[in-house]
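A.B. asks: Generate coordinates for the sequence data below:
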Amino acid sequence: MLKIYGIKNCDSVRKAIKYLKSHEIAYEFIDFRETPVEQNTIASWLKHTDIQTLFNTRGTTYRTLKLKELALSDEDKQLWLAKENMLIKRPVIEFDNKVIVGYNESHYLETIH
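C.D. replies: Take a look at the predicted model:
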């Protein structure tokens, strides 16, 4: 079954869920705030996408923690993602040994169907 990771009040996550429902695609929603994403899950995602795609540099958490000033390596970014899940770009959709990061309806049409 398709899994979608994110937070309930994120616009991109809501759009992705709406898309899945409108196309009658079964899914399991995992909320970062209720079920933290562990390092091994992040490592498995990184086999299918790169750290720059997964690491959200546009969010409030990134700015609040002033991570830009630290010039983080890719390894450091991966550690930060596990420590602070709000740095993960949302949503993350996991299915059929694939990972899609972010909301992109045309990409969903090509990949999920």
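A.B. asks: In three-state terms, label the spatially closest residue to residue 107 that is not a sequence neighbour for me.
C.D. replies: Nearest non-adjacent residue to residue 107, counting by C-beta to C-beta, 6 or more residues apart in numbering: residue 100, 6.3 Å away. The way it works is simple: take the backbone N, C-alpha and C, and place the C-beta from them, glycine included. In three-state terms, and counting by DSSP: H, G, I helix; E, B strand; the rest coil, residue 100 is strand.
A.B. asks: per-residue confidence at the residue of the chain most remote from its centre?
C.D. replies: Distance to the chain centre peaks in the chain at residue 69, reaching 23.1 Å (criterion: C-alpha atoms, centre = their mean). We have a pLDDT of 91 for residue 69.
A.B. asks: Check residue 113 too.
C.D. replies: Note on residue 113: pLDDT of 71.
A.B. asks: so who does it touch?
C.D. replies: residue 23 (C-beta atoms under 8 Å, 6 or more residues apart in numbering).
A.B. asks: and the gap between residue 35 and residue 85?
C.D. replies: From residue 35 across to residue 85, the span is 9 Å (C-beta to C-beta, to the nearest Å).
A.B. asks: which one of those two has more residues nearby?
C.D. replies: residue 85 (21 against 11; other C-beta atoms under 10 Å).
A.B. asks: got the CA coordinates for the worst-scoring helix or strand of the chain on mean pLDDT in PDB?
C.D. replies: Ranked by mean pLDDT, DSSP states H and E, the weakest helix or strand in the chain is helix 105-112, scoring a mean of 90. Provided in PDB are the C-alpha atoms of helix 105-112 (Å, rounded to 0.1, in the frame of the first residue of the first chain):
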ATOM      1  CA  GLU A 105       0.300  16.300  -9.900                       C
ATOM      2  CA  SER A 106       1.800  15.600 -13.300                       C
ATOM      3  CA  HIS A 107       4.500  13.500 -11.800                       C
ATOM      4  CA  TYR A 108       1.900  11.600  -9.800                       C
ATOM      5  CA  LEU A 109       0.000  10.900 -13.000                       C
ATOM      6  CA  GLU A 110       3.100   9.500 -14.600                       C
ATOM      7  CA  THR A 111       4.300   7.500 -11.600                       C
ATOM      8  CA  ILE A 112       1.500   6.400  -9.400                       C
END
